[in-house]
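Peer 1: What follows is a predicted protein model with its sequence.
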Amino acid sequence: MKTEKATFAAGCFWGVEMRFRQVDGVASTAVGYSGGAHENPTYKDVCSGRTGHAEVVEVVYDPECTSYKRLLEVFWESHDPTTLNRQGPDIGDQYRSAIFFHNPAQEAAARASRDALGKSGRFSDPIVTEITPASTFHRAEDYHQQYLEKRGLAGCKIS
């Protein structure tokens, strides 16, 4: 099986990871931190707001079974991309909306998807999602991996 990676930040990574795990063709997911400058950040470091990292989900998927376009749809459906550094009650740049692309095709698809969604009228406010090259992915502590599933919870509600 040939796989590719996709990395998304959409607020608290627990609920977002659960959404991606339900997509046919997703081989695995991991939650972690990306987009910052601190070496080997911990959850405590990232929550301090001083590392520049976002909480992210790294998705490994089979492009023969699901498309990057489908993953973008799940991303947009999983959060409010019009709130800067905030999702629901979670506030800080670690909760920002971001797409970390791994290749030029992902970048083009992400930008086209964002632009189409912005023109769709679905949101009254502008989309603030950052689209930037993928940087080092730092896997979060084990207790964060599949957090909601381990606890039998349905997901995070964002309102």
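Peer 2: Thanks, I have it.

Peer 1: For this structure, which helix or strand comes out least confident on mean pLDDT?
Peer 2: helix 147-150 (a mean of 73; mean pLDDT, DSSP states H and E).

Peer 1: Let's test this: mean pLDDT of the longest helix seen in the chain, rounded?
Peer 2: Determined from DSSP state H, the single longest helix within the chain is helix 104-119. When the per-residue pLDDT values of helix 104-119 are averaged, the result is 97.

Peer 1: what residues does it touch?
Peer 2: Contacts to helix 104-119, defined as CB atoms under 8 Å, 6 or more residues apart in numbering, come from residues 6, 68-69, 72-73, 76, 81, 99, 101, 123, 126-127, 129, 131, 133. All C-beta spots, glycine's among them, are computed from the backbone N, C-alpha and C.

Peer 1: In helices only, show me these.
Peer 2: When DSSP H is applied, the contacts of helix 104-119 are split such that 68-69, 72-73, 76 fall in helices.

Peer 1: Let's have these in CSV, adding distance to residue 61.
Peer 2: As requested, the ones in helices among the contacts of helix 104-119 are arranged in CSV below (distance: CB to CB, whole Å):
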residue, distance to residue 61
68, 8
69, 12
72, 12
73, 13
76, 16
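
Peer 1: just curious, which of these is nearest to residue 35?
Peer 2: Looking at these and their distance to residue 35, the nearest is residue 72, at 17.9 Å (CB to CB).

Peer 1: Pull out the buried residues from stretch 124-140.
Peer 2: The neighbour-count criterion (16 or more other CB atoms under 10 Å) identifies 128-130, 132, 134, 137-138, 140 as the buried residues of stretch 124-140.
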